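Undergrad: 3D model of this:
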Amino acid sequence: MENPCARFVDKVAVVAGGGGNIGASIAARLAHEGARVAVIDVDVLVNSLGVGGRRDFVEITDAEWERVLGTNLSAPFLCSQVAARHWLGTGSSGSIVNIASVESVMAFPRQVHYAASKGGVLMLTKALALDLAPHGIRVNAVGPGTIPPAASAEFPSEEYRVQYPLGRLGTPADVASAVAYLASDDADWVTGQVLFVDGGWLVR
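TA: Below is the predicted model:
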């Protein structure tokens, strides 16, 4: 017999109105059955999905290009559209925070697809901010530098260390703090901006 908990594995579900009784129940059920659930109900949408990978430009396949652009650029667009429609329909304001990258403004070797997608996130942020400002909806982005999976991760080389004037790699908490600021009322007059959280990388 089919395991119901496997029906939504590798699927992303966006539940508008997920804070209400019915919406919350739907979100919980989808999560129980394996989906990654994004709940949209109140004030904030954070678009943090992202994939990358290193490959020579001439070897990037159509499928790889579509996967990276679809995840990093199309998904924030579609989720933002769902959120904006919800807020406009209820007459409420909201805040969208996209996760960009230092590669939104600078290129690294063998990451053409990733750089293109994150550059797109930067301009998506600015364009959405302009379109949604008349409705009181703010749109900003955070551009992280290197955020290793382990907080104790060391620099791969001394040359790499020199690129970070603050002398350390970033942590997920560094990014979360920036997102919290941009999503909060403290940033009520901030929109269309990208806050780079990069240990000083981009000042060089």
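Undergrad: now the strands: where do they sit in the chain?
TA: Ranges of strands in the chain, per DSSP state E, are 12-16, 36-40, 44-47, 94-99, 137-144, 194-197.
Undergrad: other SSEs contacting the third one?
TA: Counting contacts by 3 or more C-beta pairs under 8 Å, 6 or more residues apart in numbering; DSSP states H and E, strand 44-47 is packed against helix 75-90, strand 94-99, helix 172-183. Heads up, the C-betas are built off the backbone N, CA and C, glycines and all.
Undergrad: do the first one as well
TA: Judged by 3+ C-beta pairs under 8 Å, 6+ apart, strand 12-16 is in contact with helix 21-32, strand 36-40, helix 75-90.
Undergrad: Mean neighbour count, those: which tops it?
TA: Comparing those by mean neighbour count (mean count of other C-beta atoms under 10 Å), strand 36-40 comes out on top with a mean of 20.
Undergrad: Run through the residues that contact the residue nearest the centre of the chain.
TA: By C-alpha atoms, centre = their mean, the chain has its centre lying nearest to Ser48, at 2.6 Å. Going by C-beta atoms under 8 Å, 6 or more residues apart in numbering, Ser48 touches Ile99.
Undergrad: 10 Å - rerun?
TA: Residues near Ser48 by C-beta atoms under 10 Å, 6 or more residues apart in numbering: 38, 75-76, 97-99, 142, 175-176, 179.
Undergrad: pLDDT score assigned to it?
TA: Ser48 is assigned 88 on the pLDDT scale.
Undergrad: quick revisit: turn the helices and strands packed on strand 12-16 into TSV, columns for distance to Ser117 and mean pLDDT.
TA: Output for the helices and strands packed on strand 12-16, formatted as TSV (distance: least, C-beta to C-beta, whole Å; pLDDT from 0 to 100):
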stretch	distance to Ser117	mean pLDDT
helix 21-32	26	76
strand 36-40	19	76
helix 75-90	10	92
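Undergrad: ok, longest helix in the protein?
TA: helix 112-132 (DSSP state H).
Undergrad: can you put the helices and strands packed on strand 12-16 in a markdown table and add distance to Leu124?
TA: Conversion of those to a markdown table gives the following (distance: least, C-beta to C-beta, whole Å):
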| stretch | distance to Leu124 |
| --- | --- |
| helix 21-32 | 25 |
| strand 36-40 | 17 |
| helix 75-90 | 6 |
